[in-house]
Structures are given as C-alpha cells and as structure tokens.
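> Quick one, fold the following:
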Amino acid sequence: MPNNSHQQNPSAPQGMDGILAERMATGGGALCNDQNGLCLGVRGNIDASKSGVYTSIAKLAMLLDNGSKNNSNEVPLVSIQTDQAAFLVKEYGGRTVVFRVPASEEGNGDQIGGIENGNVGDGGTSTDQ
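Coordinates of the predicted model:
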C-alpha cells in the first residue's frame with residue numbers, strides 16, 4: 001500500500017508560483033528588470049519605483065567582484081538587510097532579479113525570513129557570491 005503521508009493539497013499552487021504565493025502572503029515580493037533597469041514584472045510587496053536602483057546595485061557588485069581571481073564567471077549575490085526585510089539582488093542572463101523576504105518576528109533578530117546570519121536556506125552555507 002503506498003504511503004500517502006506526503007501528499008500535497010491539490011488546490012495549493014505548486015512550483016515557483018506556489019513558493020511566491022506563500023512568501024507574498026507573508027509580505028514578500030519579487031521583481032525582475034531588464035539590463036537598463038526597466039521593471040519587466042513585479043509581484044507582492046516590493047517597490048517597483050526602485051527597479052533601476054536594484055539593477056545599478058547588481059552591476060556595481062559585478063565591478064567590485066571583477067578583481068576576484070576565483071571563478072570570474074560567477075555573478076555576485078547582494079543581500080541587503082533592514083529591520084523590516086532582506087532584499088536579495090542578483091543578475092541572471094542580463095536580467096536583474098530581486099526578492100524581498102520579510103523579517104521573521106520570531107527569534108532574536110538573527111534570522112530574516114529564511115536568511116540566517118548571511119546564509120540562505122535551511123542553515124547551510126551560501127557559496128554563491
């Protein structure tokens with residue numbers, strides 16, 4: 001007999017849309033820009049009027065990291081943390097993608113919505129710079 005203990009709710013959105021819907025329900029957001037900073041799309045709680053600033057940050061981070069001898073093909077991930085949220089900014093194929101992750105109300109302030117002490121995810125270390 002198959003184990004059905006891990007069945008998902010069939011009415012719940014799945015994949016990327018499900019993850020975004022879950023995060024946006026708690027105050028998160030996502031934004032995507034073209035190479036000139038023009039906002040191509042936005043969802044959730046993120047200010048689209050700042051889209052050009054996010055693209056500039058991603059481009060400046062690439063300039064700062066350009067002197068690195070370690071795998072110069074890597075694109076840096078910029079994490080901006082405030083009391084209200086963390087913003088993850090990264091360029092993918094000429095597009096700048098920004099995620100807003102709301103600050104966790106639990107704990108001692110070291111964890112911001114899935115980002116703990118600069119590590120993204122479930123406690124593992126982030127090697128993407």
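> Tell me who's in contact with Gly28.
Gly28 makes contact with 20, 44-45, 85, 99-102, 113 under the criterion CB atoms under 8 Å, 6 or more residues apart in numbering. Heads up, the C-betas are built off the backbone N, CA and C, glycines and all.
> farthest-separated two in these?
Leu20 and Ala85 (15.1 Å; CB to CB).
> Tell me which of the two has more neighbours.
Higher neighbour count among Leu20 and Ala85: Ala85, with 20 against 17, using other CB atoms under 10 Å.
> Would you mind naming the residues that bridge with that one?
Taking DSSP bridges as the rule, Ala85 bridges to Pro102.
> Dump the contacts of Gly28 to TSV, plus pLDDT and distance to Pro76.
As requested, the contacts of Gly28 are exported to TSV (pLDDT from 0 to 100; distance: CB to CB, whole Å):
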residue	pLDDT	distance to Pro76
Leu20	70	23
Gly44	89	24
Asn45	90	25
Ala85	93	20
Phe99	93	15
Arg100	93	18
Val101	91	18
Pro102	90	23
Gly113	48	21
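> Just send the residues you listed back as JSON lines, with distance to Val75 too.
As requested, the contacts of Gly28 are exported to JSON lines (distance: CB to CB, whole Å):
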{"residue": "Leu20", "distance to Val75": "21"}
{"residue": "Gly44", "distance to Val75": "23"}
{"residue": "Asn45", "distance to Val75": "25"}
{"residue": "Ala85", "distance to Val75": "22"}
{"residue": "Phe99", "distance to Val75": "15"}
{"residue": "Arg100", "distance to Val75": "19"}
{"residue": "Val101", "distance to Val75": "19"}
{"residue": "Pro102", "distance to Val75": "25"}
{"residue": "Gly113", "distance to Val75": "23"}
